[in-house]
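In: everything below, folded, please.
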Amino acid sequence: MTSRRIPFFDARFDREEIEAVTRPLERGWLTMGEEVEALEEEIRRATGAGHAVAVANGTAALHLASAGLELGPGDEVVCPTLTFVASANAPRALGAHIRLCASVGPDDLGVDPAAIETAITERTRAIVVVHFAGFACDMEAIRAIAEPRGIPIIEDCAHAVFTRHRGRTLGLHGRVGCFSFYSNKNATCGEGGALITDDAELAESLRRLRSHGMTVPTLDRKRGRASSYDVVVPGFNYRIDEIRAALLRVQLGRLPERLERRRQIFRRYAAAFAGTAVQLPFSTGRHADELPDTGVHILPVVLPAGTDRAAVVEQLKKAGIQSSVHYPAIHGFSAYRDQDVPALRATGELSDRELSLPFYPDLSDDDVETVASELLAVLDQHAAPRPTA
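Out: Modelled structure (predicted):
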């Protein structure tokens, strides 16, 4: 066993982050305040959105988007099966029925527009798209399906902070975009999220739903701008605190250079796996053309059919390399077994072959080469024997 260890991801902080998180403590105000206001404005400017709403986490963003669109019992929501389960859980928690969709294939893990069109019924009230690994779905095709039917699109941009597609930030191609700033995301504050939209009416609804449906935020009462409030709709407590907002502001300021490093690492992996049995999704076609504008988040590869993935993971672990799986297909979970239909089988098989490799800005070029060479060596050991002549 090697003494060298390459973790799956690595978040590092320095004096600037430490100083940022002490600002709210010095001010004596820890709930939504000046830091949150500044954060929302910085997200709005960075994305070009008309409105930005910061929240407690990415799942809260998805739940608020679903609530803001008034999804509920009797409604159907179309959602990819290859994503983190929060994409489906959020509208389902409001009583909506989920119709899961297949991915394009091993070269593009994003949702297949043709599968979306097949899943739509007269009860469809929203479409959730997930920009997997930070790469844009085919939004032109998806919008061509959704807009004539008047179906709003929720963009799950948890992986895509802040990818641009056709000159516009992801999250603004649909009705509302949802971001996550979880510990392993491209910009992190531990737990945090945000929504962006150009719809002023929806933005106002999201702000009220974020804080119990109240008409006046606590900060305005602290500032003496109001002494009371009304509750106009049953809402939630999805507020983000000042400490995390302050930390995230520093992280977002460093995001451009970190995204560029992520793109460099992606290119190195692509070169290392070119012409091998390992498939690297998003490395060809339009995604390769759009890479300069893509905020790459994770590095998923597709192993050869028949590979014992668990054995590969264990061998990499012995070599000091940590890996993960993104994601088990949702239709394989007990809570979604009613969705296990033939149209999803190919994506289920694809998810069984997916393996995510170490990927973060501080990963060195040598580490990339080590990970790639170790994986190829392990696969060579597990390759099926060639038939004799």
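
In: so where's the stretch 201-350 of the chain uncertain?
Out: Applying pLDDT under 70 to the stretch 201-350 of the chain flags the ranges 220-224, 226-227.

In: contact partners of the helix or strand containing A310?
Out: A310 is located in helix 309-318, with elements delineated by DSSP states H and E. Residues from elsewhere that reach helix 309-318 (C-beta atoms under 8 Å, 6 or more residues apart in numbering): 1, 303, 322-323, 325, 352-353, 355, 371, 374-375, 378-379, 381-382. C-beta coordinates here come from the backbone N, C-alpha and C atoms, glycine included.

In: and that helix, how far from the chain's centre?
Out: 26 Å (C-alpha atoms, centre = their mean, to the nearest Å).

In: and it, what's buried?
Out: By 16 or more other C-beta atoms under 10 Å, the buried positions in helix 309-318 come out as 312-313, 315-316.

In: redo these as CSV? Include distance to Q251.
Out: What follows is the buried residues of helix 309-318, written out as CSV (distance: C-beta to C-beta, whole Å):
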residue, distance to Q251
V312, 33
V313, 30
Q315, 34
L316, 29
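
In: now the element after the helix holding A310, going C-ward?
Out: Note on helix 309-318: by DSSP H and E, the next helix or strand toward the C-terminus is helix 342-353.

In: what's that next one packed up against?
Out: strand 97-101, strand 103-105 (3 or more C-beta pairs under 8 Å, 6 or more residues apart in numbering; DSSP states H and E).

In: how about residues contacting the last one?
Out: Yep, that's strand 103-105 we're talking about. With contacts defined as C-beta under 8 Å, 6+ apart, strand 103-105 is touched by 80-82, 109-112, 132, 346-347, 350.

In: L363: which of the contacts of helix 309-318 is nearest?
Out: L363 has its nearest neighbour among those in V371, at 8.3 Å by C-beta to C-beta.

In: sorry, back to before: only whichever of the contacts of strand 103-105 are buried, select them in ChimeraX.
Out: Buried residues within those, by 16+ other C-beta under 10 Å, are selected in ChimeraX with:
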select :80,81,82,109,110,111,112,132,347,350
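
In: quick check: domain ranges of this protein?
Out: Annotated domains of the chain cover 15-253, 255-382 [automatic domain parsing].

In: mind checking the end-to-end distance for stretch 72-85?
Out: Stretch 72-85 has an end-to-end distance of 18 Å (criterion: C-alpha to C-alpha, to the nearest Å).

In: my bad, stretch 92-109
Out: Using C-alpha to C-alpha, the end-to-end distance of stretch 92-109 comes out at 23 Å.

In: again with stretch 317-330
Out: End-to-end distance of stretch 317-330 (C-alpha to C-alpha): 26 Å.

In: ditto for stretch 292-310
Out: Counting by C-alpha to C-alpha, you get 34 Å between the two ends of stretch 292-310.

In: hmm, back to that, tell me which of the contacts of strand 103-105 fall in helices.
Out: Per DSSP state H, helices hold the following members of the contacts of strand 103-105: 346-347, 350.

In: looking at these, which is nearest L202?
Out: The shortest gap between L202 and any of the ones in helices among the contacts of strand 103-105 belongs to T347, at 30.8 Å (C-beta to C-beta).

In: so the closest one sits against A329, correct?
Out: Yes. If you go by C-beta atoms under 8 Å, T347 and A329 touch, sitting 5.7 Å apart.

In: list residues touching both of those two?
Out: 81-82.

In: contacting residues for H173?
Out: Contacts of H173 were listed using C-beta under 8 Å, 6+ apart, and they are 139, 143, 153, 155, 165.

In: swap in 7 Å and give it another go.
Out: 139, 143, 155, 165 (C-beta atoms under 7 Å, 6 or more residues apart in numbering).

In: per-residue pLDDT, the residue nearest the centre of the chain?
Out: What sits nearest the mean C-alpha location of the chain, by C-alpha atoms, centre = their mean, is A158, with 2.1 Å. pLDDT recorded at A158 is 98.
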